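# everything below, folded, please.
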Amino acid sequence: MQMALGRVMRAVALTFGLAVAAVPLRAETLADALIAAYRNSNLLEQNRAVLRAADEDVAIALSALRPLIGIGGNASYSDQRLEDITASITLSAEITLYDFGRNRLAIDVQKEVVLATREALVNVEQRVLLSAVRAYVSVRLSQEIVSLRQSNERLITQELRAARDRFELGETTRTDVALAEARLATSGSDLIAAQGDLLVARENYRLAVGRYPGNLAAPPRAPRTARSLDEARGVASRTHPSIRQAQREVTIGELNMARAKAAMGPTMTGRARLAYDTETRRGDAVSIAIDQTLYAGGRLSALYRQAFARRDQARSGLLQTTAEIGQQVGQAWANLTVAAASIEASDREIRAAQTAFDGVREEANLGARTTLDVLDAEQNLLGARTNRVSAEATRYIGVYELLAAMGLLTVDHLGLGIPTYDPAAYYNAVKNAPATSTQGRKLDRVLKSIGKTSTD
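Have a look, this model is predicted:
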């Protein structure tokens, strides 16, 4: 059993050693990890594409204000004689002259959708960066726990040697040796579990950041958040992207109500037709048509009521989102308070456990304590140290969780000093529904800047 356990330990240690040996010597900072996560995130790229699709909806809505121009042709013959062949060609144009503002409102709706989608993208950015922070701290924590477990194993090995020496001198019984051997086996098993947790943490880091961790530096001083819970909640209510997105959705609901009401009015359409055929030669026409739905089976009224209900849904959603963000801020603040208290308690526990361990070990050397007493005291000290590093990791992550709850966990707010995705660049290139080569070249430049092409 012990031989099998040793083989597993050596395999895990070798795997970890090879992984560490493959990374560069320069220490990788938390800022490096956050920058890599931002640049490598497939989730961010996915949602940027969602935003670009929403940008196109503005152009699609705008096209309804422009004329629709078409060309058609026809040719026919009645028998095999060439002189019986007839042909025609028609150029037509149609434009909406007046529709009670429906098309304009549709554009306004899509613009609000774009703004709401931008806020959703900011929220995704926060999630990506928070995942990177958690992954970074988790790897560091796992490394510290592995180090503590290795130290614990070395110490128990020393106690086992001492127990065997005392047994050979007849000062203790075989029971003390067996207790030390059992505790060493447990320590080895715990070390393997800790090394396994580290390998899992490395995989999570790779998913969050886009690569395996190198030689991770100690996390820098945590950024400042807020001086009070009320201040944190006030900032969140003004800046959190989920709240701002919900506010946009309320505006969308109100605009859709206006669209549904305008849909009950008439539509005035202008039409022009230029035609030429081989028989009548020329036939041009210009007309204005007014269309008014008198009865649609209750459909228009139902659509208006539906828009009204969805506006109310958006308003309730805004209130719920605001309440949830407030709860997240309060929870993050409470977690920070608890973590700080836990660190303070762990420090006191470590001091007491260290004093107890030193005393018990000295008394054991004098024969006043058993090997089991020493092992128990050492286990208490290990637990106190493990609690301390875990509480510190929880507190550090808690700072960034509070920043995210406040809506401030972004590349710009953290001051990472890298170029960020410009959501307005693509929008400005397509908002007027470009069809000319000049606008097309501008769009190509925008797409190239984000690693795409217009023909992808």
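# for the residue nearest the centre of the chain, report the pLDDT, please.
Compute the mean C-alpha point of the chain, and by Cα atoms, centre = their mean the closest residue is Arg127, 2.9 Å away. As predicted, Arg127 sits at a pLDDT of 97.
# for it, give me its contacts.
Applying Cβ atoms under 8 Å, 6 or more residues apart in numbering to Arg127 gives the contacts Leu43, Ala404. C-betas here are computed from N, CA, C, even on glycine.
# repeat for Thr29
Counting by Cβ under 8 Å, 6+ apart, Thr29 touches Ala217, Pro220.
# burial check on Arg299, number of neighbours?
Neighbourhood size, Arg299 [other Cβ atoms under 10 Å]: 11.
# pLDDT below threshold where in the stretch 351-456 of the chain?
Within the stretch 351-456 of the chain, the segments meeting pLDDT under 70 span 435-456.
# quick one, strands of the stretch 251-400 of the chain?
Using DSSP state E, counting those that start in this stretch, the strands found in the stretch 251-400 of the chain span residues 267-277, 283-291.
# which one of those has the most crowded surroundings?
strand 267-277 (a mean of 16; mean count of other Cβ atoms under 10 Å).
# could you tell me which ranges of this structure sit under the pLDDT cut-off?
Those would be 1-25, 77-84, 279-283, 435-456, if you go by pLDDT under 70 across the chain.
# direction included, what does the top strand by length along it pair up with?
Counting residues, the longest strand found in the chain (DSSP state E) is strand 86-98. Here strand 86-98 has these sheet partners by DSSP bridges: strand 68-76 (antiparallel), strand 267-277 (antiparallel).
# with distance to Ala31 added, can I get these in JSON lines?
Shown next, in JSON lines, are the strands paired with strand 86-98 (distance: least, Cβ to Cβ, whole Å):
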{"stretch": "strand 68-76", "distance to Ala31": "53"}
{"stretch": "strand 267-277", "distance to Ala31": "57"}
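# and of those, who's closest to Pro434?
Closest of these to Pro434 is strand 68-76, at 16.6 Å (criterion: Cβ to Cβ).
# in CSV, list the C-alpha atoms belonging to the closest one.
The C-alpha coordinates for strand 68-76 follow below in CSV (Å, rounded to 0.1, in the frame of the first residue of the first chain):
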residue,chain,number,x,y,z
LEU,A,68,-36.6,50.6,-52.6
ILE,A,69,-35.4,50.5,-56.2
GLY,A,70,-35.7,47.5,-58.4
ILE,A,71,-35.4,46.5,-62.0
GLY,A,72,-37.2,43.8,-63.9
GLY,A,73,-37.3,42.4,-67.4
ASN,A,74,-39.4,40.0,-69.5
ALA,A,75,-39.3,38.4,-72.9
SER,A,76,-41.8,36.2,-74.6
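# run through who's touching it.
With Cβ under 8 Å, 6+ apart, strand 68-76 has contacts from Ile85, Thr86, Ala87, Ser88, Ile89, Thr90, Leu91, Ser92, Ala93, Glu94, Ile95.
# how about the contacts made by the last one?
Applying Cβ under 8 Å, 6+ apart to Ile95 gives the contacts Arg66, Pro67, Leu68, Thr269, Gly270.
# and the fourth one, by the same measure?
With contacts defined as Cβ under 8 Å, 6+ apart, the neighbours of Ser88 are Gly73, Asn74, Ala75, Ala275, Tyr276, Asp277, Thr278.
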